[in-house]
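> attaching a predicted model along with its sequence, questions to come.
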Amino acid sequence: MSLPAQVRIVEVGPRDGLQNEKTIIAAADKIELINRLSDTGLRSIEATSFVSPKWVPQLADAAEVYAGIRRRDGVAYPVLVPNLQGYERARAVGATEVAVFSAASEAFNRKNINASIDESIERFLPILERAAADGVKVRGYVSTVLGCPYQGEVAVADVVRVARRMHTLGCYEVSLGDTIGIGTPGKARAMLRAVAGEVPMAALAVHFHDTRGQALANILACLEEGVAVVDAAISGTGGCPYAPGASGNVASEDVVYMLEGMGIGTGVDLAKLVDTGRWLASRLGRASGSKVTLAAH
């Protein structure tokens, strides 16, 4: 067991978190959220998604938000792009890192984007080609890596195949997502180990939803395998608009608290993070989804 000395948190709250919140957040508040997060020491903050406003109305203001944030040196602000049109919209406002996505589940892809796994990958090939020419970094997301709301079990071989393909095509990092929060530590460990047999561990990240309270345990199991990049969302926001019953992402505050307690560096100021989570929860009109924050009241 060799735990990493440092872990990079990829803060996905402004995009993956907010996209499934019922409360519509004003563009000015999204900009303030990202600026507050930039002040905590986070080095990767997923800012928004250039998807069709028809599908994700919460992020219809993507261009306004991205153009309005105060970008700090040394901080990456990736944005999700579903197709070349989204990529071009993102580039028009200065995005220098984008993310593409597919699922390891055929049924999920069909329900989500009306395409097979292979078709979904074909759709983002033009993005990867343009990004390579433009010097834009591309991150890949593989969802439903431990289970699917429509087909149930997802074969580990399918997760490995999709992750390997993304990496081979040029994604510098591949995030493995338990979209419905169904995984347990043993399964998470086995899945990561299988993927790491084909994709370098340094190019892998994990993304756990806390639907069944297993996210921190799953993260720990993956840290013990050597993963050093963890996706998390401020105040435990989010879920997935295409996955019924999926609750929020694991809270960034709780991940940082756990890592600090284990002597693993994150470069993140936990007090500032908690303050930001409280501020966001007040904007959403509900309690924070972070256990650390709730315990501090």
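Done, it's in. What you see is a predicted model; the values in this text were computed from it and never measured. Numbers count the residues shown, from 1 in each chain.
> residues contacting residue 189?
When contacts are counted by C-beta atoms under 8 Å, 6 or more residues apart in numbering, residue 189 is found next to 221-222, 224-225. Placement of C-beta: from N, CA and C, glycine included.
> repeat the analysis, applying 10 Å as the threshold.
By C-beta atoms under 10 Å, 6 or more residues apart in numbering, the contact set of residue 189 is 183, 218, 220-222, 224-225.
> quick check: residue 290 touching residue 215?
No: the pair residue 290 / residue 215 is not scored as a contact, 11.8 Å apart, by C-beta atoms under 10 Å.
> please enumerate the shared neighbours of these two.
Both residue 290 and residue 215 are contacted by 232, 236, 248, 250-251, 254-255, under the criterion C-beta under 10 Å, 6+ apart.
> TSV for those, including distance to residue 148?
TSV is the format used below for the shared contacts of residue 290 and residue 215 (distance: C-beta to C-beta, whole Å):
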residue	distance to residue 148
232	22
236	22
248	19
250	19
251	24
254	26
255	24
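> so which of the residues you listed belong to strands?
Counting by DSSP state E, these place residue 232 in strands.
> shaky segments in this structure?
1, 239-247, 297 (pLDDT under 70).
> returning to that earlier point: which pair in the contacts of residue 189 spans the largest distance?
183 and 224 (14.8 Å; C-beta to C-beta).
> tell me where this structure has strands.
So, for the chain - with DSSP E - the strands run 8-11, 44-45, 48-49, 79-80, 97-103, 137-143, 173-178, 204-208, 229-232.
> quick one on the thing from earlier: okay, residue 183 and residue 224: which has more neighbours?
residue 183 (28 against 15; other C-beta atoms under 10 Å).
> can you tell me the closest non-neighbouring residue to that one?
residue 146 (3.5 Å; C-beta to C-beta, 6 or more residues apart in numbering).
> and the one you found, how far from residue 225?
14 Å (C-beta to C-beta, to the nearest Å).
> who has more neighbours, these two?
Taking other C-beta under 10 Å, residue 146 and residue 225 do not tie; residue 146 has more neighbours (26 against 20).
> quick revisit: quick one: contacts for the residue nearest to residue 183?
104, 153-154, 156, 159, 176-184, 187-188, 190-191, 208-209, 214, 218.
> how about residue 207?
With C-beta under 10 Å, 6+ apart, residue 207 has these contacts: 10, 12, 16, 141-143, 145, 175-179, 215, 219, 229-233, 249-250.
> repeat for residue 52
Counting by C-beta under 10 Å, 6+ apart, residue 52 touches 59-60, 82-83, 85-86.
> what's the distance between the closest residue to residue 40 other than its chain neighbours and residue 223?
Residue nearest to residue 40 in three dimensions, not counting chain neighbours: residue 272, with 4.4 Å by C-beta to C-beta, 6+ apart. According to C-beta to C-beta, residue 272 and residue 223 sit 23 Å apart.
> what about these two, which has more around it?
Neighbour totals were compared for residue 272 and residue 223, and residue 223 leads with 22 against 15 (other C-beta under 10 Å).
> how about the nearest residue to the more buried one once chain neighbours are set aside, what does it touch?
Sequence neighbours aside, residue 3 is the residue nearest to residue 223 in space, at 5.5 Å (criterion: C-beta to C-beta, 6+ apart). Applying C-beta under 10 Å, 6+ apart to residue 3 gives the contacts 220, 223-226, 228, 259, 262-264.
> how about residue 237?
By C-beta under 10 Å, 6+ apart, residue 237 lies in contact with 12-21, 25, 33, 248-249, 251-252, 277, 280-281, 284, 286, 288-290.
> please narrow these to those residing in helices.
Counted as lying in helices by DSSP state H, out of the contacts of residue 237, are 33, 252, 277, 280-281, 284.
> top of these by neighbour count?
That'd be residue 252 among the ones in helices among the contacts of residue 237, by other C-beta under 10 Å, with 34 neighbours.
> leaving out sequence neighbours, find the closest residue to it.
In space, residue 252 is closest to residue 232, 4.0 Å off (C-beta to C-beta, 6+ apart).
> so what's the residue count around that neighbour?
Using other C-beta under 10 Å, residue 232 has 29 neighbouring residues.
> out of the contacts of residue 3, which one sits closest to residue 77?
residue 228 (20.5 Å).
> what's the local residue count around that closest one?
18.
> look up phi and psi at it.
When read as degrees, to the nearest 10, the backbone of residue 228 gives phi -130, psi 20.
> wait, what's in contact with the closest residue to it other than its chain neighbours?
Once flanking residues are discounted, residue 228 sits nearest to residue 4: 3.9 Å by C-beta to C-beta, 6+ apart. Applying C-beta under 10 Å, 6+ apart, we find residue 4 in contact with 201, 223-224, 226-230, 259, 264-265.
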